[in-house]
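K.L.:
Let's see this in three dimensions:
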Amino acid sequence: LHHLLIQPLPSGTRLHALVDACHSGTILDLPYQCTPEQGQTQWGGSYWVPAQRVFKGTAGGLAICISGCRDDQTSADTAKLSQGATTTGAMLYSFIQAVEQNRARTYGELLFSMRQIIEHALQHGLGWGNIATLGAVALFSGLETAALVAAPTLATQFMGSGVQVPQMSTSVCFDLNAPFDL
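P.N.:
Presented below is the predicted three-dimensional model:
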């Protein structure tokens, strides 16, 4: 992906990549990343940290990647976007909610809002409707499939809200208080 999308990005261009996949934190091999901590509501000091592996730059353009989770995490799914008809990634859902609710005026505010939306959904997501769905899945598809469907929510119940943390990586450090603009 880096060779095809990032390396040839010319000066004066900006690429926003939304990657809602498991283990996607450094998927574009960008040199800097930031991740909001639980409960954090503002940026202070230096928030960009060098990524852990060897990374490459662009041909002068700005590449920004918002990924669904860190490299050591999995991404959850939600059916909220389609009113239960189908599932989509929780990171994409949180991104859309943050933008539609005007909670993404800056890049930093976008990250905080996405984390808060995902934490709220994961902490409050296992209601009676979900339990009934899991029961039906177990009945028709077996316990193994029901366990896979329930895994992200159950992991949250037992491990806290650390199941999925959206993060941002970039080719160049910039001020997270800058206006968010696609």
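K.L.:
Show the residue spans covered by the helices in the protein.
P.N.:
For the chain, the helices defined by DSSP state H cover 90-100, 107-124, 128-141, 143-159.
K.L.:
how near is the nearest residue in space to residue 35 that is not next to it in sequence to residue 29?
P.N.:
Sequence neighbours aside, residue 167 is the residue nearest to residue 35 in space, at 4.0 Å (criterion: C-beta to C-beta, 6 or more residues apart in numbering). To be clear about C-beta, it is placed using only N, CA and C from the backbone, and glycine gets the same treatment. To residue 29, residue 167 is 14 Å away according to C-beta to C-beta, to the nearest Å.
K.L.:
right, and the residue nearest to residue 35 touches residue 67 too?
P.N.:
Yes: the pair residue 167 / residue 67 is scored as a contact, 5.7 Å apart, by C-beta atoms under 8 Å.
K.L.:
Which neighbours do those two have in common?
P.N.:
residue 25 (C-beta atoms under 8 Å, 6 or more residues apart in numbering).
K.L.:
between these two, who's got more neighbours?
P.N.:
residue 67 (28 against 23; other C-beta atoms under 10 Å).
K.L.:
residues in contact with the nearest residue to the more buried one once chain neighbours are set aside?
P.N.:
Distances taken as C-beta to C-beta, 6+ apart place residue 24 nearest to residue 67, at 4.2 Å, with adjacent residues excluded. By C-beta under 8 Å, 6+ apart, the contact set of residue 24 is 67, 68, 69, 71, 75.
K.L.:
wait, doesn't the second one sit right on residue 89?
P.N.:
Yes: here residue 68 reaches residue 89: they are 5.9 Å apart, a contact under C-beta under 8 Å.
K.L.:
Can you pick out the residue with more neighbours from the two?
P.N.:
Under the criterion of other C-beta under 10 Å, the comparison of residue 68 against residue 89 puts residue 68 first, with 29 against 22.
K.L.:
Would you mind measuring from the more buried one to residue 24?
P.N.:
Distance from residue 68 to residue 24, counting by C-beta to C-beta: 6 Å.
K.L.:
now residue 48
P.N.:
According to C-beta to C-beta, residue 48 stands 18 Å off from residue 24.
K.L.:
Likewise for residue 47?
P.N.:
From residue 47 across to residue 24, the span is 20 Å (C-beta to C-beta).
K.L.:
who are the neighbours in contact with the nearest residue to residue 173 once chain neighbours are set aside?
P.N.:
Excluding the flanking residues, the one nearest residue 173 by C-beta to C-beta, 6+ apart is residue 48, at 4.4 Å. Listed by C-beta under 8 Å, 6+ apart, the contact set of residue 48 reads 32, 33, 34, 170, 173.
K.L.:
Among the residues you listed, find me the one that's closest to residue 12.
P.N.:
Residue 12 lies nearest to residue 170 out of the contacts of residue 48, by C-beta to C-beta, at 16.2 Å.
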